[in-house]
Structures are given as structure tokens and as C-alpha cells.
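K.L.:
this one's structure only:
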């Protein structure tokens, strides 16, 4: 596995036909180790009744009994795997190793495709921001206190973000790196280009409205950018109606450079 990645993107559980899955095999292993269904059930996190039900079902489905149980006697009884049970356990152990090797190969094949890696890395980002835009860092301009980071989106739109120099160092931001931009809808202004309005905000992403949702007081306006990505803005219902916002009309999302939260995508896929 590529050493710069600590994540297995593809996971899967080995399951044989019927009820012969990792949980059942784990119970068989525990019985083999402890010689007791009661202790084995506790070891794998099952109730005694649940363990017995699994054992009964497995025994009924198998050509030969997998577990032999002695009740009472001078030693108080006990349970052990039969030859068939031990053979199944050995088979599953071999299959588990082959399964792990198979998953390692598949994960490596994913790492060999940069587009797939980028897609998967984006899936693990969790945050409360409504808007997430992905892009590539194309320039960094350093100032005395802050830095301006320029990110080019996949539609070739350019966004500038203002962050402090300590934040720049902490994130390890570099030209050529991948980044995600987080923007709250309340920080976005919607401009339809009417009356030649001049805005001081530095970022402007053009597109058209695809949806407007009202809640009686506020409204959420979804703008589809030229790249096909969408961005949401929150404004009062009165403002949305005054702008004549409706699906199909041209609109731009306008926001300040300080309104953007910049997250750098690291090699492990977590910002």
C-alpha cells in the first residue's frame, strides 16, 4: 500500500453462503479456545441464547456437525469443535488471508488512478458548511500579516481567500495542492447584474438560479455555476422577490475573501 496513505478506501466482509460469516467464525474460534459456549458467547459479545441459536443453525446447515457438546458429567460438560468444525475454521482462515490480499490489491489499484483518489478523498470531508467547492491552489501572495491564496475551481473560476500567515503555515498550503473552500450561505450576496451595482467583495461566481426555497421569512437560493457545481445563498424572502429570483434567471454569487474557510487536502485524504 502507498505509504503516504493511511486509509483503505475499499473495505469488505468475508461471508460464505448462509450464516457462515465472520461473526459465526469468531464464535467457533472462541469455542475452540475456551471449550465453553457460555464463555465463548461472552468473548464475542453474544448472549448465551444467541450463541446457541447460531450454533444450532450452523450445525443444521452443515453436512456434518461442527460442534460437539457434552452436558453434565464429572467435569460439568463442555463444547469443542468436531473435525468438520476445525476444518471449516482452517478453511475460513485461509480465505481471510486471500480476502485481505485481494482488498490490498484493489486498494492499490485505486491509488494508481489520481482522479479516483481525488474523488474518494473528497468523500471523507465532514463539516457544517452548506457550500463546499473544490479546486487547485494556483498562487499565494504573502503580506505582512495575511496571505492571499488563489484557488482555481474546476470551471476555471478563480477564488481568492485571505488567511493569516500562521494559518498558512499550519495548513501547509502550497501551490499545486488541492483545497476545499467552505462558505456559509449567509456570507454570500446574490447579484443579478441590475442597476450596475458595484460591490466591494472580491469573489464573483457567475451562473443561473436553479431553485428558490422560501420559509416565510428567509429564502435559500441555489445557483448553478458554469462548471456545473452549485452554491447556496441565504437572503430574506423580500430581497429574493425584489431581485426577481426564479429558476433560469442569471445570477452571481458574490462573497468576500475573508468569508471563505480554506481547508487543504492532505495525503491521507483528511483536511
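P.N.:
Looks like it came in fine. The structure displayed is predicted, hence computed values, not measured ones.

K.L.:
tell me where this structure has helices.
P.N.:
According to DSSP state H, the chain carries its helices in the segments 22-34, 37-44, 48-61, 83-111, 114-123, 165-171, 237-243.

K.L.:
what pLDDT, on average, does the first one get?
P.N.:
In this model, helix 22-34 carries a mean pLDDT of 88.

K.L.:
ok, and what's touching that helix?
P.N.:
For helix 22-34, the surrounding residues in contact (CB atoms under 8 Å, 6 or more residues apart in numbering) are 13-15, 37, 39-41, 43-44, 46, 51, 54-55, 58, 66-67, 79-81, 85-86, 88-89, 92. Any C-beta I mention is one placed from the backbone N, CA and C, and that applies to glycine too.

K.L.:
how near is residue 234 to residue 255?
P.N.:
Shown here: residue 234 relative to residue 255, a distance of 12 Å by CB to CB, to the nearest Å.

K.L.:
likewise residue 131?
P.N.:
Counting by CB to CB, the gap from residue 131 to residue 255 is 9 Å.

K.L.:
compare those two (neighbour count), which wins?
P.N.:
Neighbours were tallied for residue 131 and for residue 255 using other CB atoms under 10 Å; the higher tally belongs to residue 255 (24 against 20).

K.L.:
partners of that one in the sheet?
P.N.:
With DSSP bridges as the criterion, the beta-bridge partners of residue 255 are residue 203.

K.L.:
check contacts around it.
P.N.:
For residue 255, the contacting residues are 183, 187, 188, 189, 201, 203, taking CB under 8 Å, 6+ apart as the criterion.

K.L.:
list the contacts of the residue nearest to residue 47 when sequence neighbours are not counted.
P.N.:
If you skip the residues right next to it in sequence, residue 47 has residue 41 as its closest partner in space, 6.4 Å away by CB to CB, 6 or more residues apart in numbering. When contacts are counted by CB under 8 Å, 6+ apart, residue 41 touches 27, 30, 47, 48, 50, 51.
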